[in-house]
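> One predicted model, sequence on top.
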Amino acid sequence: MKLLPQIQVEGGAEWLARTATQCLIDEARLSPKPGLVDSRGNGAHHDLSLALMERSAHSLTSTFQALAQQSWQRPADIALRQTIGRLGREGEQQMMAATSGVNTHRGAIWALGLLVSAVAMHGGTGGAQQIAATAAELAKLPDNAAPKVFSKGLRATHRYRVPGAREEAQQAFPHVMQRALPQLRLSRLNGSSETHARLDALMAIMTSLTDTCVLSRAGLEGLDAMQDGARAVLNAGGSAHPAGQAALAELDSQMLALNASPGGAADLLAATLFLDRVEITSNRLI
Ligand SMILES: CC(C)(COP(=O)(O)OP(=O)(O)OC[C@H]1O[C@@H](n2cnc3c(N)ncnc32)[C@H](O)[C@@H]1O)[C@@H](O)C(=O)NCCC(=O)NCCS
Ligand SMILES: Nc1ncnc2c1ncn2[C@@H]1O[C@H](COP(=O)(O)OP(=O)(O)OP(=O)(O)O)[C@@H](O)[C@H]1O
């Protein structure tokens, strides 16, 4: 049966939005994550909890759906960039209203928002590489309506001269495409459980991300601890192995002691889970 285009758009946008929200929830629940909110507790955060993260994730479904609808089969141009910039900022306000002003998902709205738009631009399906490349095209376009705010993330990228959330997207998500997605699939192939495969994917991101959340709270000492600790987990055989689990517990203690939390890495894990699902579903449809 040939679907009417509008029905296809509505159904596709709804699926993408539900999937993006589910990836945020899966990321938040995944345990044990070093320093981050997970099923065990609040990590290094005093103002976050799992219930709050889940409420925030649900509040974003309508934003993701609007992003997908507005981006459906459109080219990457300034008009679309301005539309998604506006929708992304409205999404941030919706998140803030749902959490009484706590930043639960700003970085995640950015990464997943761009990826949701990119899939929609390709008509609701596509390979991870193609989608990430399209998201990068969008991220590179100027959004003249964006307010000039000197955020924590921006300050950290200037102070330490490192790439942050913007650059990760503009470079087509190298930590997702070259590290997390290959690691997720390798760990699955090696027989790891889904939980262990996801934890390994998070470690793969943390080995080299310049996470501005960590830099803002714990400086270079925190960043080095994160990168070295994540490498130790993978070198010990990953989170499925007893030695890897011990290294992961050690990393968790270190992050808590330093008050550090790799929020950017968590966002990119959610982005990884999203691209994995979109690609698997697209392959089934072919
Ligand atoms: C680009 C964003 C994330 C702002 O980035 P900036 O570094 O200035 O700010 P801020 O400190 O508020 O947030 C950064 C967040 O990104 C995540 N992050 C940190 N480091 C990294 C990194 N190296 N790579 C990826 N993400 C990271 C963390 O969650 C962090 O909290 C975003 O809020 C924004 O400007 N959005 C505008 C709306 C828009 O255009 N949206 C379009 C798509 S929906
Ligand atoms: N499971 C998680 N636990 C904690 N943070 C997460 C998690 N998943 C994603 N994040 C990301 O981490 C960021 C929150 O970091 P942080 O609490 O440092 O924010 P902030 O409001 O900028 O700083 P602060 O709380 O130090 O004032 C969000 O942008 C969010 O996208």
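Thanks, I have the structure now. Ligands and ions are numbered 1, 2, ... in the order given.
> Count residues in the vicinity of Val278, would you?
26 (other C-beta atoms under 10 Å). Placement of C-beta: from N, CA and C, glycine included.
> likewise Arg185?
13.
> doesn't it fall inside a strand?
No. Arg185: not assigned to a strand; according to DSSP: H, G, I helix; E, B strand; the rest coil it is helix.
> Could you pull up the residues touching it?
Contact analysis of Arg185 by C-beta atoms under 8 Å, 6 or more residues apart in numbering lists Ala197, Asp276.
> Show me which residues of the stretch 151-286 of the chain are close to ligand 1?
The interface of the stretch 151-286 of the chain toward ligand 1, taken as C-beta under 6 Å from any ligand atom, is made up of 151-154, 163-166, 168, 209-213, 263-264, 267-268.
> For these, which ChimeraX command selects only the ones that are buried?
A single ChimeraX command selects the buried members of those (16 or more other C-beta atoms under 10 Å):
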select :152,153,164,165,168,209,210,211,212,213,263,264,267,268
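> Now go through the residues of the stretch 151-286 of the chain next to ligand 1 and say which are in helices.
Mapping those onto helices (DSSP state H) picks out Lys152, Gly153, Leu154, Ala165, Arg166, Glu168, Thr212, Cys213, Gly263, Gly264, Asp267, Leu268.
> want to throw these into a markdown table with pLDDT?
Shown next, in a markdown table, are these (pLDDT from 0 to 100):
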| residue | pLDDT |
| --- | --- |
| Lys152 | 95 |
| Gly153 | 96 |
| Leu154 | 96 |
| Ala165 | 98 |
| Arg166 | 97 |
| Glu168 | 98 |
| Thr212 | 98 |
| Cys213 | 98 |
| Gly263 | 98 |
| Gly264 | 98 |
| Asp267 | 98 |
| Leu268 | 98 |
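> between those, which is nearest ligand 2?
Distance to ligand 2, by C-beta to the nearest ligand atom, is smallest for Gly263 among these, at 2.1 Å.
> Excluding chain neighbours, what is closest to that closest one?
Cys213 (3.7 Å; C-beta to C-beta, 6 or more residues apart in numbering).
> quick one on the thing from earlier: now, which of the ones in helices among the residues of the stretch 151-286 of the chain next to ligand 1 lie close to ligand 2?
Counting by C-beta under 6 Å from any ligand atom, Lys152, Cys213, Gly263, Asp267 from these sit close to ligand 2.
> what's the burial count for Ser216?
19.
> That one contacts Leu154, correct?
No. Taking contacts as C-beta atoms under 8 Å, Ser216 lies outside contact range of Leu154: 10.3 Å.
> if we can go back for a sec, and of the ones in helices among the residues of the stretch 151-286 of the chain next to ligand 1, the nearest to Ser59?
When these are compared for distance to Ser59 (C-beta to C-beta), Asp267 wins out at 16.2 Å.
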